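Undergrad: got a sequence here, can you build the structure:
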Amino acid sequence: MKMIMNDLKTLKGLAALMSLQTFANPYTNVTTDSALSDEMKVFYKTQLLQFMEPELLFEKFGKKVPIPQHTGNTIEFRYMSPLPVATSDLTEGVTPDGNKITMNAINESLHQIGYWVCLSDKLQWEAVDPIIAEVTKAEGRQAGKSIDTLIRDVVSAGSNVIYAPNYAAGTYTENTARGTMDGTALMTVDLLIDAAAALEAQDAPTIDGEYVAIMHPYVAADLQKTQAWQDAQRYVHPEKIYKGEIGSIGNIRVIKNTRAKIVANAGAVISGTDKYSIYTTMVLGADAYAVSELEGAGLEHIVKPLGSGGTADPLNQRSSVGWKAMRLAKRLIEQYMVRIETTSATNTMAAAN
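TA: Coordinates of the predicted model:
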């Protein structure tokens with residue numbers, strides 16, 4: 001009892017130092033069971049957001065489109081096609097004919113995902129660390145990774161792709177599909193420059209002045225070993241470096257992240273049935289894709305303490321900690337994103353992620 005009272009005093013002290021507004025986020029709504037004290041709610045909210053938000057990388061670069069409650073499960077994204085250049089001379093005193101704009105509509109449905117764990121009274125009694133707080137931290141990381149992976153899978157399925165060429169005896173051999181890519185089809189500075197040129201040719205808007213490339217750490221390791229990267233990479237905004245950013249090349253900021261998609265056993269044959277893994281690097285412009293959620297249900301953290309189960313738990317043996325989220329991701333303009341596919345010399349046969 002003394003230990004419990006000390007823990008509650010600690011939590012109250014934390015709550016006094018924290019403002020609920022600090023954790024306000026239009027894209028994240030965190031709630032807990034009504035049986036918990038306000039101090040506990042603040043504490044668990046802090047834990048969840050602290051460990052979830054650093055995991056949201058692909059979400060960071062999507063166009064945020066919240067969905068109001070009670071408007072259905074589907075959202076319609078609308079965007080206007082670019083206007084043509086106007087070079088014809090105007091006739092003096094004559095008003096030219098008006099022109100029409102072309103609006104494009106894309107529909108997509110929301111997805112609800114979630115996870116929970118059951119904790120026994122015996123485990124909570126015997127655990128050295130405060131078990132609910134530890135589970136909340138782990139679920140925060142899990143929620144962030146799960147949401148970001150959902151977005152990653154949508155973004156990585158785009159139609160604009162550059163396949164790294166094979167290289168042998170000083171000669172590059174073009175690949176037009178994954179199945180022919182061998183262990184020499186590695187990431188290079190030239191591939192990044194080509195991807196940026198493809199975006200620029202489509203007038204893809206930049207993200208804070210530059211494009212962003214998200215690549216797997218194994219691919220980043222291959223790139224960082226090249227002389228071209230070592231000679232040219234730089235930091236343009238050292239005070240605003242993204243988590244995992246390793247530098248810039250040209251007008252691309254390069255970020256390494258373990259959620260960059262890996263397609264296992266999809267390249268050229270190594271031996272028998274073993275094939276090279278294919279790594280995808282996404283090079284992104286602004287507004288290439290949208291991410292959305294239902295306001296008020298973006299993320300819900302639910303803690304059911306011991307004694308809250310009623311007749312379903314007559315001996316107060318179980319509590320639970322869980323989360324659920326409503327999320328949506330949709331590619332909007334394919335020309336504003338490019339997928340570079342490579343193999344990796346650092347790990348030739350990595351598992352799919």
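Undergrad: and the gap between the nearest residue to residue 207 once chain neighbours are set aside and residue 248?
TA: Spatial nearest neighbour of residue 207, chain neighbours left out: residue 286 (4.9 Å); criterion: Cβ to Cβ, 6 or more residues apart in numbering. No exception for glycine: its C-beta is placed from N, CA and C like everyone else's. Distance, residue 286 to residue 248, by Cβ to Cβ, to the nearest Å: 17 Å.
Undergrad: these two: which has the busier surroundings?
TA: With other Cβ atoms under 10 Å as the criterion, residue 286 and residue 248 differ in neighbour count, and residue 248 comes out ahead with 21 against 16.
Undergrad: for that one, list each beta-bridge partner.
TA: residue 234, residue 253 (DSSP bridges).
Undergrad: isn't it right up against residue 211?
TA: No - taking contacts as Cβ atoms under 8 Å, residue 248 lies outside contact range of residue 211: 9.8 Å.
Undergrad: now do the helices in the stretch 201-350 of the chain.
TA: Remark: helices of the stretch 201-350 of the chain, listed N- to C-terminal, are 217-224, 227-232; assignment by DSSP state H, counting those that start in this stretch.
Undergrad: low-scoring stretches of the stretch 1-150 of the chain, by residue?
TA: Per-residue confidence of the stretch 1-150 of the chain (counting by pLDDT under 70) places the weak regions at 1-51, 68-72, 123-129.
Undergrad: how many neighbours does residue 163 have?
TA: Applying other Cβ under 10 Å, we find 19 residues neighbouring residue 163.
Undergrad: residues touching it, list them.
TA: Remark: with contacts taken as Cβ atoms under 8 Å, 6 or more residues apart in numbering, residue 163 is in contact with 174-178, 181, 185, 341.
Undergrad: distance of it from residue 131?
TA: Using Cβ to Cβ, we find residue 163 at a distance of 48 Å from residue 131.
Undergrad: do residue 177 as well
TA: Residue 177 is 50 Å from residue 131, where distance means Cβ to Cβ.
Undergrad: comparing those two, which residue is more hemmed in?
TA: For the pair residue 177 and residue 131, the greater number of neighbours falls to residue 131 (18 against 11), based on other Cβ under 10 Å.
Undergrad: state the distance from that one to residue 339.
TA: Applying Cβ to Cβ, the value for residue 131 to residue 339 is 42 Å.
Undergrad: wait, residue 331 sits on residue 154?
TA: Yes - under the criterion of Cβ under 8 Å, residue 331 makes contact with residue 154 at 6.3 Å.
Undergrad: list the residues that contact both of those two?
TA: residue 289.
Undergrad: looking at the helices of the stretch 201-350 of the chain, which is buried most?
TA: Between those, the one whose residues have the most neighbours on average, counting mean count of other Cβ atoms under 10 Å, is helix 217-224 (a mean of 22).
Undergrad: I'd like the mean pLDDT over it, please.
TA: Confidence over helix 217-224 (mean pLDDT, whole number) is 96.
Undergrad: residue ranges of the strands in the stretch 101-250 of the chain, please?
TA: Secondary structure of the stretch 101-250 of the chain (DSSP state E, counting those that start in this stretch): strands at 103-109, 111-120, 161-163, 166-168, 171-173, 211-215, 245-249.
Undergrad: check those strands for me and report the most buried one.
TA: Among the strands of the stretch 101-250 of the chain, the stretch with the highest mean neighbour count (mean count of other Cβ under 10 Å) is strand 211-215, at a mean of 27.
Undergrad: which elements pack onto that one?
TA: Secondary-structure packing of strand 211-215 (3 or more Cβ pairs under 8 Å, 6 or more residues apart in numbering; DSSP states H and E): helix 189-201, strand 252-256, strand 278-284.
Undergrad: mind doing that once more with 6 Å?
TA: strand 252-256, strand 278-284 (3 or more Cβ pairs under 6 Å, 6 or more residues apart in numbering; DSSP states H and E).
Undergrad: what residues are up against residue 319?
TA: 119, 304-306 (Cβ atoms under 6 Å, 6 or more residues apart in numbering).
Undergrad: let me fix that: residue 324
TA: For residue 324, the contacting residues are 114, 300, taking Cβ under 6 Å, 6+ apart as the criterion.
Undergrad: how close does it get to residue 255?
TA: Relative to residue 255, residue 324 is positioned 28 Å away (criterion: Cβ to Cβ).
Undergrad: then residue 190?
TA: Note on residue 190: its distance to residue 255, by Cβ to Cβ, is 19 Å.
Undergrad: hang on, the earlier thing: residue 150 is nearest to which of the strands of the stretch 101-250 of the chain?
TA: For these, distance to residue 150 was read as Cβ to Cβ. The smallest value, 6.7 Å, belongs to strand 111-120.
Undergrad: so which other helices or strands are in contact with that closest one?
TA: Here strand 111-120 is seen to pack against strand 318-331 when contacts are counted using 3+ Cβ pairs under 6 Å, 6+ apart.
Undergrad: 8 Å instead, please
TA: Using 3+ Cβ pairs under 8 Å, 6+ apart as the contact definition, the elements that strand 111-120 packs against are helix 131-155, strand 318-331.
Undergrad: closest one to residue 86 among these?
TA: Closest of these to residue 86 is strand 318-331, at 29.4 Å (criterion: Cβ to Cβ).
Undergrad: dump that closest one to CSV, restricted to CA.
TA: Written as CSV, here are the backbone C-alpha positions of strand 318-331 (Å, rounded to 0.1, in the frame of the first residue of the first chain):
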residue,chain,number,x,y,z
ARG,A,318,-7.6,-9.1,-15.2
SER,A,319,-6.9,-5.7,-16.6
SER,A,320,-6.1,-4.7,-20.2
VAL,A,321,-4.2,-2.1,-22.1
GLY,A,322,-5.0,-1.5,-25.7
TRP,A,323,-5.3,1.0,-28.6
LYS,A,324,-7.3,1.4,-31.7
ALA,A,325,-6.9,3.9,-34.6
MET,A,326,-8.8,5.1,-37.7
ARG,A,327,-6.5,5.8,-40.5
LEU,A,328,-6.5,6.3,-44.3
ALA,A,329,-3.8,6.8,-46.9
LYS,A,330,-4.3,7.5,-50.6
ARG,A,331,-1.9,8.3,-53.4
